[in-house]
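need a structure here:
(one chain, ligands or ions: 2)
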Amino acid sequence: MDDARVTVRDLERDPEVVAYLRSANAMMNALGFTEHGERHANLVAKIAFNILTRLGYTQREAELAAIAGFMHDTGNLIHRDNHTLSGALLTREILIRLKMPFDEIALVMGAVGNHEEPIGVAVNKIAAAVIIADKADVHSSRVQNADPKSFDIHDRVNFAVRRSFVNVDSDAKMITLDLEIDPTLSTVSEYFEIFLSRMLMCRRAAQFLDCQFALVINGHRLM
Ligand SMILES: [Fe+2]
Ligand SMILES: [Fe+2]
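Ligands and ions are numbered 1, 2, ... in the order given. The predicted structure follows:
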């Protein structure tokens, strides 16, 4: 592999990217949303990378998925609405500055621009990996609201998730989102109330990677 190629590590230490992610998260926090900053960016990058690696895609394809995963929510610093489009354009400017080849930039832009329901579609394998990785990040550590009495349903469901893991079985062609939810804090029906459309998006993304998608909550397969 050519060492000069842009990697997700170049973005992790890029002052512009770091400032944008922190600013995006501060804005989401002000709006009462769960964490959408460096923690989420890092995790989505790692999960997207692992999905493509475990399915036998090339190291470079996995790295592009990591790059798109790291950048996917940067557009939130402008506005939550259309953050997929603003994020894709912000990402383009940064990757041009880092001298990434245009064909790679195009793939990453398509993945960033398609990560969110209802308009996002798995248009390429990088987009498919980012969709699954993004929707898999449901966890108590994402809750920014310090006052449980004012939790909304998103806070409650995230707060209840003690463990969240994406398992990729390349032989069985199966991608499984395995969650552990504390039933005293939220319920499976609450999870579905806010995540059904996201799980359907994951199913379509998995199909794009020639896999089935399964959702397992507290040991029970629900999808
Ligand atoms: Fe997003
Ligand atoms: Fe996200």
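
moving C-terminal of the longest helix along the chain, what's the next helix or strand?
Identified as the longest helix of the chain according to DSSP state H is helix 188-208. Moving toward the C-terminus from helix 188-208, the next helix or strand (DSSP states H and E) is strand 212-217.

Report the distance from that next one to the chain centre.
Remark: strand 212-217 is offset 17 Å from the chain centroid, using Cα atoms, centre = their mean, to the nearest Å.

Pull out the buried positions in it.
Buried residues in strand 212-217, counted by 16 or more other Cβ atoms under 10 Å: Phe213, Ala214, Leu215, Val216, Ile217. Using the backbone N, CA and C atoms, a C-beta is placed for each residue, glycine as well.

ok, of those, which one's closest to Pro148?
Ile217 (21.6 Å; Cβ to Cβ).

Touching, that closest one and Glu190? I think so.
No - counting by Cβ atoms under 8 Å, Ile217 stays clear of Glu190, with 11.2 Å between them.

Can you give the contact residues for the longest helix of the chain?
Outside helix 188-208, the residues that touch it by Cβ atoms under 8 Å, 6 or more residues apart in numbering are 117-118, 120-122, 125, 127-129, 131-132, 135-136, 138, 153-154, 156-157, 175, 177, 179, 181, 212-213, 215, 217-218, 222-223.

What of stretch 146-166?
Residues outside stretch 146-166 that contact it (Cβ under 8 Å, 6+ apart): 32-34, 47, 50-51, 132-133, 136-140, 142-143, 145, 175-183, 185-186, 190-191, 193-195.

can I assume Glu180 sits in a strand?
Yes - per DSSP: H, G, I helix; E, B strand; the rest coil, Glu180 lies within a strand segment.

can you state the direction angle for the longest helix of the chain and strand 212-217?
Angle, helix 188-208 to strand 212-217, by axes from the mean of the first three to the mean of the last three Cα atoms, to 10 degrees: 160 degrees.

The residue at minimal distance from the centre of the chain: what secondary structure?
Residue closest to the mean C-alpha point of the chain, counted by Cα atoms, centre = their mean, is Asp134 at 1.8 Å. Assigned with three-state DSSP, Asp134 falls in the helix class.

Tell me where this protein is predicted with low confidence.
Scanning the chain for pLDDT under 70 picks out the ranges 1-3.

Which residues of it lie near ligand 2?
Within the chain, the positions lying close to ligand 2 (Cβ under 5 Å from the ion) are Asp73, Asp134.

switch to 6 Å and redo it
His40, His72, Asp73, Asp134 (Cβ under 6 Å from the ion).

Now tabulate these in a markdown table and tack on secondary structure.
As requested, these are exported to a markdown table (three-state DSSP):
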| residue | secondary structure |
| --- | --- |
| His40 | helix |
| His72 | coil |
| Asp73 | coil |
| Asp134 | helix |
